[in-house]
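> No sequence on hand, only this structure:
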């Protein structure tokens, strides 16, 4: 009997415990009061939101006036020229052609990634990128397809800005580049270096061909814009400039640390 | 005479008994996997449980703009010039079809993700869809609102109504068979007021009005939202701010995985890992998003009306003006601050307003109780664990809407709108 009573007691207790683990019971009208389960800061008004948000404004930006003008220039260029061109491109080009174009230029982009992985002494990444380059150039027919990703080697892009960052070069002032968008002095220098290097390497003779056929560069630009989902005005805030500035700066920092 | 109250109570009881009870969805059979309201609010439905939606390539859509140029005593400052005209998006069917207006939630513009989702859903079901920014969105405030001080539901609805009429005029060639209306979050409250306005103006004659997760008493809602950033999050002292703490967790998570992969399943995967976010951290993230919306509203309203609370009245603001000092001031202003410093003073000034409780009585759903109770074309879908509700709000909805209220057990704030069961229910309501 006592055995049984103990079992019953245990069952009751367990039942109670199980009940205690449930979320708080609902009101008579079914409302679950979700905020009641939260721990609130005991000192009212902790101002952590303000503290954290103000810290996001700490990006060196001595050329802000120029940058803001370029931001609005890009905004309008995007709206009046680039996006209509991208829409036209999408309209006249079937999806498989566009993905071929994207893979092709992406494959060319593996060259700076490979070089920069080497410069950062990241052997594994350099090996992966080198393998991607080989596979996609051969099996992927000059990079039109991307079999490497399907084989479990996703693209890991590295640029010269990241290499400089990895060696401790500071970002320098924030810089809004015409057409190209948010950058900083270090990364803009990096972009230029990568561009010149790619021209020098002249992989698959694309750089030479582009000299004679500017339409190749135009296609590259359209493809690039097509591949970036960001739209000016998308953050829907009068402070979009400040927000882009923070997100860009922080994202680059993460890429370098990663 | 003393029998009168008893009689009234009896009559009231009979009336309530005669109306059917709300549809309460059973938690066991509902199947929505996220039972934590904060996770649900941030992550929404896992991709495999979402409805099938038409891809962009199958939607004939375009953005249009309206030059409404509301009359104001001050010229538009240079940094708001890009939102001088009000944008909206129209997705059109190739044939005659019913049209549905979708009103976005707090601070959201016409192309925000939830509005886009609803567009796909309704377009796939054969509607022309018009996506509208919220009257609390800075583009709407700038381009379409006369007072540019959102929060007075009737006035906001009036601004929205003009926009909708202008849309119809601009799309005069569109073959429309009937008009419908939907809104989520604050947009749902607006939809209720627009619908009521339409009863007197008779412009659209909405056939169905769908309110998704509306605030009942907006004052309760903004108080909840303001509180969300007051949660206790251990470890945020010194150099480590709250954002850095969250980014640190994300970075460690990605490092363990070996690569960065920002996709829709990110939050589920993160919540299964060692770096999972606590409820307090998620609450603070949600609260932060709303605080940025509050900052935008406070800044834009102050600037357009030259109130001098954030931007000094005669300060020249051009495209290239650095805005950090004003951003800093705006960030200090939560919804309560906006209410006290801008909305209430202007309500007193222009509408001869009185006490706070009077204001709440005018802007909440309660103000429309009789209309909502007697209007069979309006339905509400809500969640028992929605973060914007307060005690008693659901009782009001039950009383007012009866069986036209569907109450889901989970979903947080709008987290289950893209769950198949919910989308099915929405389409069914609009169809019959």
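Here it is on my side, so go on. It should be emphasised that the depicted structure is a prediction, and the values quoted were computed from it without experimental measurement.
> pretty sure residue B:237 is in a helix, no?
No: looking at residue B:237 with DSSP: H, G, I helix; E, B strand; the rest coil, it is coil, so not inside a helix.
> Neighbours of it, how many?
Residue B:237 has 9 neighbours, counted by other C-beta atoms under 10 Å in any protein chain shown. No exception for glycine: its C-beta is placed from N, CA and C like everyone else's.
> which ones are touching the closest residue to residue B:307 other than its chain neighbours?
In this structure, residue B:307 finds its nearest non-sequential neighbour in residue B:342, 6.6 Å apart by C-beta to C-beta, 6 or more residues apart in numbering or on different chains. Residue B:342 is in contact with B:149, B:298, B:301-302, B:305, B:307, B:309, counting by C-beta atoms under 8 Å, 6 or more residues apart in numbering or on different chains.
> Chain neighbours aside, what residue packs nearest to residue A:219?
Using C-beta to C-beta, 6+ apart, the nearest residue to residue A:219 is residue A:101, at 6.6 Å.
> list the buried ones in the helix or strand hosting the one you found?
Per DSSP states H and E: residue A:101 is located in helix A:95-119. By 16 or more other C-beta atoms under 10 Å in any protein chain shown, the buried positions in helix A:95-119 come out as A:98, A:100-119.
> and if you look at stretch A:235-245?
Buried residues in stretch A:235-245, counted by 16+ other C-beta under 10 Å: A:235-242, A:244-245.
> So what's the model's average confidence on stretch B:53-66?
Average pLDDT, stretch B:53-66: 94.
> Ends of it, what's the gap?
One end of stretch B:53-66 sits 29 Å from the other (C-alpha to C-alpha, to the nearest Å).
> cool, and stretch A:143-163?
Termini of stretch A:143-163 sit 25 Å apart (C-alpha to C-alpha).
> Give me the average confidence score over that stretch.
91.
> before we move on, what about stretch B:30-41?
Stretch B:30-41 carries an average pLDDT of 95.
> next one: stretch A:251-258
So the average pLDDT for stretch A:251-258 ends up being 86.
> Which residues of the stretch 101-250 of chain A lie near chain B?
Proximity of the stretch 101-250 of chain A to chain B, by C-beta under 8 Å from any C-beta of the partner chain, involves residues A:154, A:156, A:233-234, A:236-239, A:241-242, A:250.
> Can you classify residue A:145 by secondary structure?
Quick answer, by three-state DSSP: residue A:145 is coil.
> ok, it touching residue A:100?
Yes: shown here, residue A:145 and residue A:100 form a contact pair, counting by C-beta atoms under 8 Å, at 7.3 Å.
> residue closest to the middle of chain B?
For chain B, residue B:105 is the residue whose C-alpha lies nearest the centre (C-alpha atoms, centre = their mean; 1.9 Å).
> what's that one in contact with, if anything?
Contacts of residue B:105 by C-beta under 8 Å, 6+ apart are B:112, B:114, B:134, B:183-188, B:414.
> Is there contact, residue-wise, from stretch B:233-251 to chain A?
Yes: using C-beta under 8 Å from any C-beta as the criterion, contacts between stretch B:233-251 and chain A involve B:233, B:236, B:241-244, B:247, B:251.
> Mind putting these into CSV with pLDDT, neighbour count and secondary structure?
Listed next are these as CSV, based on pLDDT from 0 to 100; neighbours: other C-beta atoms under 10 Å in any protein chain shown; DSSP: H, G, I helix; E, B strand; the rest coil:
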residue, pLDDT, neighbour count, secondary structure
B:233, 90, 19, coil
B:236, 84, 20, coil
B:241, 91, 19, coil
B:242, 93, 23, helix
B:243, 92, 21, helix
B:244, 91, 17, helix
B:247, 89, 15, helix
B:251, 84, 17, helix
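> lowest-pLDDT helix or strand in chain B?
Using mean pLDDT, DSSP states H and E, helix B:3-18 stands out as the lowest-scoring helix or strand of chain B, at a mean of 47.
> Then chain A?
helix A:2-21 (a mean of 43).
> Okay, strands next: where are they in the stretch 101-250 of chain A?
A:174-177, A:181-184 (DSSP state E, counting those that start in this stretch).
> Reformat those as JSON lines; add mean neighbour count and mean pLDDT.
JSON lines is the format used below for the strands of the stretch 101-250 of chain A (neighbours: other C-beta atoms under 10 Å in any protein chain shown; pLDDT from 0 to 100):
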{"stretch": "strand A:174-177", "mean neighbour count": "21", "mean pLDDT": "97"}
{"stretch": "strand A:181-184", "mean neighbour count": "21", "mean pLDDT": "95"}
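> can I get those strands in JSON lines with distance to residue A:36?
Listed next are the strands of the stretch 101-250 of chain A as JSON lines, based on distance: least, C-beta to C-beta, whole Å:
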{"stretch": "strand A:174-177", "distance to residue A:36": "43"}
{"stretch": "strand A:181-184", "distance to residue A:36": "42"}
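> any weak-confidence spans in the chain?
Picked chain A for this. Filtered on pLDDT under 70, chain A yields the residue ranges A:1-24, A:43-44.
> my bad, the chain I had in mind was chain B
By pLDDT under 70, the weakly predicted segments of chain B are B:1-19, B:259-262, B:432.
> Which positions within the longest strand along it qualify as buried?
Longest strand in chain B, counting residues (DSSP state E): strand B:176-184. Under the neighbour-count criterion of 16+ other C-beta under 10 Å, strand B:176-184 has B:176, B:179-184 buried.
> Close to chain A: what parts of the stretch 101-250 of chain B are there?
So the stretch 101-250 of chain B meets chain A at B:107-109, B:111-112, B:137-139, B:224, B:227-233, B:236, B:241-244, B:247 (C-beta under 8 Å from any C-beta).
> returning to that earlier point: filter the contacts of residue B:342 down to the buried ones.
B:149, B:298, B:301-302, B:305, B:307, B:309.
> So which of the residues you listed is the closest to residue B:396?
residue B:149 (26.3 Å; C-beta to C-beta).
> Can you show me the helices along the stretch 151-258 of chain A?
A:160-166, A:185-201, A:206-212, A:214-227, A:240-257 (DSSP state H, counting those that start in this stretch).
> Let me know which of these is tucked in deepest.
Neighbour counts (mean count of other C-beta atoms under 10 Å in any protein chain shown) averaged over each of these peak at helix A:160-166, with a mean of 22.
> and it, how far from the chain's centre?
16 Å (C-alpha atoms, centre = their mean, to the nearest Å).
> Check what contacts it and list those residues.
Here helix A:160-166 has contacts from A:112, A:116, A:119-120, A:171, A:186-191, A:193-194, A:197, A:252-253, A:255-256, using C-beta under 8 Å, 6+ apart.
> what's the answer for stretch A:90-98, then?
For stretch A:90-98, using C-beta under 8 Å, 6+ apart, the contacting residues are A:89, A:101, A:223, A:226, B:57.
> Perfect, I'm done here.
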